[in-house]
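Engineer: Pasting the sequence and the predicted model now:
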Amino acid sequence: MAKPLSASKMVEILRAEGLTVHEVRKWRTHNRNSKGPWGPVNGVMIHHTVTKGTESSVNICYNGYSGLPGPLCHGVIDKKGEIHLVGNGRANHAGLGDSDVLRAVINESRLPPDNEADTDGNAHFYGFECINLGDGKDPWPEAQKEAIERVSAAICRHHGWTERSVIGHKEWQPGKTDPRGFTMDGMRKRIAQRLKGGGGGDPTPTPDPKPAPKPKYEPFPGSGFFHIGQKSPIITAMGHRLVAEGCGRYEEGPSPEWTEADRRSYAAWQQKLHFRGKDADGIPGKVSWDKLKVPNV
């Protein structure tokens, strides 16, 4: 059980995970809190929209429709892997589901079959709608699946949850099929890897057991190394190099803890190297890291 994220903290942890985040209209105060409880929260639920087109999908998730007012989730994940935040608080996304499933999520144990609809899921789950027709034919771009992985990992990391706190709507409510097109077990494996520091980059190679001279520069630790909560002297050394390159965006520091200021500073370095778009999201990649020449610590 956990206290729900504030709007500001949601934006912070998603951007720190390397995601592009769009804040839609008045999403920070857009919720259904007047209709029931919101929290304590226990997990993340993944859906597909059964719609196409980013603008129309985001609009329906923000507004809802006759008989089911919005927000219909907390965020929409588009085909490019970008996040559109549409609600903060209780949202109409989970509906009634199985209390045994909720118990398993809380305990982070294997999920039982969802054969009852006796528990209000809207009070307990963050919900993310992913743009897909849900017909088994509409493709899931890798950028979109990686965004689902990153969103889920960011929230789990903040609350101290494992990948077992992430479920699909089809695992919660009898008769639901979403998300269709990938398995939740496969997605949970991806999330687990990212929570362990993997994902988003090549693993650090196993060192040669023979004695070798200490490298002059810090080897690239992998993109998954850089996340909220990570503390390391590598981050301090990186920050000092960014300042030396004229890319420091720090009010205080640098410090050993990865923060939004580190991400903004690294994004400035990527832009200095003429990277653009998602390649300049502030999350280190091997090419830009090697060019930065962070001293070995």
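Structural biologist: Received it, and whenever you're ready, just let me know what you need.
Engineer: I'd like the distance from the residue nearest the centre of the chain to residue 20, if you could.
Structural biologist: Among the residues of the chain, residue 151 comes closest to the average C-alpha position under Cα atoms, centre = their mean, at 1.4 Å. Applying Cβ to Cβ, to the nearest Å, one obtains 11 Å for the distance of residue 151 from residue 20. For every residue, glycine as well, the C-beta is placed using N, CA and C.
Engineer: One more: residue 263?
Structural biologist: Distance check for residue 263 against residue 20: by Cβ to Cβ, it reads 12 Å.
Engineer: Pick out whichever of these two has more residues nearby.
Structural biologist: Neighbour totals were compared for residue 263 and residue 20, and residue 263 leads with 23 against 16 (other Cβ atoms under 10 Å).
Engineer: now the strands for the stretch 51-200 of the chain?
Structural biologist: Chain-ordered strands for the stretch 51-200 of the chain, with DSSP state E, counting those that start in this stretch as the definition, fall at 64-65, 68-69, 75-77, 83-85, 96-97, 119-120, 125-130, 166-168.
Engineer: So for stretch 115-125, mean pLDDT?
Structural biologist: In this model, stretch 115-125 has an average pLDDT of 97.
Engineer: what's the answer for stretch 50-57, then?
Structural biologist: Along stretch 50-57, the predicted local confidence has a mean pLDDT of 97.
Engineer: export it as PDB, just CAs?
Structural biologist: Extracted C-alpha coordinates of stretch 50-57, given in PDB (Å, rounded to 0.1, in the frame of the first residue of the first chain):
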ATOM      1  CA  VAL A  50      -9.400   0.300 -29.000                       C
ATOM      2  CA  THR A  51      -8.900   3.600 -30.900                       C
ATOM      3  CA  LYS A  52      -6.400   5.000 -33.300                       C
ATOM      4  CA  GLY A  53      -4.800   8.400 -33.600                       C
ATOM      5  CA  THR A  54      -3.100  10.200 -30.800                       C
ATOM      6  CA  GLU A  55      -5.200  13.300 -30.600                       C
ATOM      7  CA  SER A  56      -8.600  11.600 -30.700                       C
ATOM      8  CA  SER A  57      -7.400   8.900 -28.200                       C
END
